[in-house]
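**Q** when you get a sec, could you give me coordinates for this:
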Amino acid sequence: IEQGITAGYDGIIVQPNDSDAQTPYVKQAADAGVKVITTNAGIRDIEGASWIDADPYEQGRVIAELAVKMAPENAKVAIMSCNPGNLHTESRLQAYKDIFVAQRTDCEIVAEKICTQSDQATFMQTMEDWVQAYGKIDVVLTIGDDLAKACYEVVKDDPTFADTQYYAVDANPDALLRIKAGNQDATVMQDTQELAQKNLDAMYELMTGKQEKVEETIETILITPENVDEYIEKYIEIGIITQEEYDAVK
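**A** Numbers count the residues shown, from 1 in each chain. Next up, the predicted model:
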């Protein structure tokens with residue numbers, strides 16, 4: 001970002017990995033007159049900067065509301081998050097607590113963890129620890145498909161967990177295939193093509209003076225077994241799922 005300012009860039013689109021660490025530099029660019037957009041996760045409180053993002057609390061809300069309806073009575077529930085301090089992960093997690101935990105008081109939250117390392121080995125080790133400590137877990141609420149996948153992989157060969165429910169966000173290609181195969185119950189789509197297009201359109205509007213500031217969210221799309229075929233077919237069209245992969249889980 002500093003190099004962009006020094007080089008005289010007119011516009012910068014930033015996808016922050018660490019909003020807290022990058023905020024001063026985004027502010028520096030905005031103060032220098034650069035048109036700055038932050039996205040996924042957007043930094044929403046910088047004067048002069050714009051943001052385009054999903055609504056992470058809304059993403060968590062639709063998952064939590066579905067889990068409220070679908071979780072079995074008196075279920076044992078585990079909640080897994082990651083990336084502490086990240087707007088998206090924290091907002092999704094808060095929605096799970098505000099809605100699922102608050103409404104399904106019959107359920108027991110046997111475990112909850114915010115993983116500081118965001119990798120499959122950490123997620124799998126966490127699930128392994130939970131299984132050893134608590135045995136059967138009926139519902140796994142996670143803030144991302146990678147976490148749900150790791151949890152599923154740990155217990156997929158254990159018939160005790162055959163009816164465990166897995167909920168997540170992101171709509172990764174393999175998550176859609178898992179939903180189709182009956183190995184994940186739901187995810188929420190962040191339409192990355194829509195996000196990219198909105199960023200480019202917004203930058204054009206800013207640089208041509210048609211707008212001074214852009215603050216915009218993209219649509220929240222809940223994907224379940226009822227509509228997963230539609231989105232798998234879209235992924236096939238753009239080449240991120242193959243027809244062979246789809247056929248294998250039909």
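**Q** where in this protein is pLDDT low?
**A** Within the chain, the stretches with pLDDT under 70 are 18.
**Q** show me where it has its strands.
**A** 11-14, 35-39, 50-53, 76-82, 108-115, 139-142, 165-167, 187-189, 215-217, 221-223 (DSSP state E).
**Q** for the longest one, buried residues please.
**A** Across strand 108-115, burial judged by 16 or more other CB atoms under 10 Å covers 109, 110, 111, 112, 113, 114, 115. Quick note: C-beta positions are derived from backbone N, CA and C, even for glycine.
**Q** hey, where'd the helices end up in the chain?
**A** 2-6, 19-31, 56-70, 87-95, 102-103, 120-134, 145-155, 173-181, 192-207, 228-237, 243-249 (DSSP state H).
**Q** wait, which of those is closest to residue 12?
**A** helix 2-6 (5.0 Å; CB to CB).
**Q** which strands and helices sit next to that closest one?
**A** helix 19-31 (3 or more CB pairs under 8 Å, 6 or more residues apart in numbering; DSSP states H and E).
**Q** what does the helix it packs on rub up against?
**A** 1-2, 4-5, 12, 14, 16, 36, 38, 41, 43, 46-49, 85-87 (CB atoms under 8 Å, 6 or more residues apart in numbering).
**Q** repeat that for stretch 171-188.
**A** With CB under 8 Å, 6+ apart, stretch 171-188 has contacts from 59, 62-63, 66-67, 70, 145-146, 148-149, 152, 156, 165-170, 189-190, 220-225, 228-229, 231-232, 235, 240-241, 245-246, 249-250.
**Q** now the buried members of those residues.
**A** Looks like the contacts of stretch 171-188 have 59, 62-63, 66-67, 145-146, 148-149, 152, 165-170, 189-190, 220-223, 228, 231-232, 235, 241, 245-246 buried, using 16+ other CB under 10 Å.
**Q** buried set for stretch 69-85?
**A** Neighbour-count burial for stretch 69-85 [16+ other CB under 10 Å]: 71, 75, 76, 77, 78, 79, 80, 81, 82, 83.
**Q** one more: stretch 133-151?
**A** Those would be 137-151, for stretch 133-151 by 16+ other CB under 10 Å.
**Q** widest-spaced pair of those residues?
**A** So, those by CB to CB: farthest apart are 138 and 146, at 21.2 Å.
**Q** format the strands of the chain as JSON lines; extra columns: distance to residue 181.
**A** Listed next are the strands of the chain as JSON lines, based on distance: least, CB to CB, whole Å:
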{"stretch": "strand 11-14", "distance to residue 181": "36"}
{"stretch": "strand 35-39", "distance to residue 181": "32"}
{"stretch": "strand 50-53", "distance to residue 181": "31"}
{"stretch": "strand 76-82", "distance to residue 181": "21"}
{"stretch": "strand 108-115", "distance to residue 181": "25"}
{"stretch": "strand 139-142", "distance to residue 181": "16"}
{"stretch": "strand 165-167", "distance to residue 181": "12"}
{"stretch": "strand 187-189", "distance to residue 181": "13"}
{"stretch": "strand 215-217", "distance to residue 181": "31"}
{"stretch": "strand 221-223", "distance to residue 181": "14"}
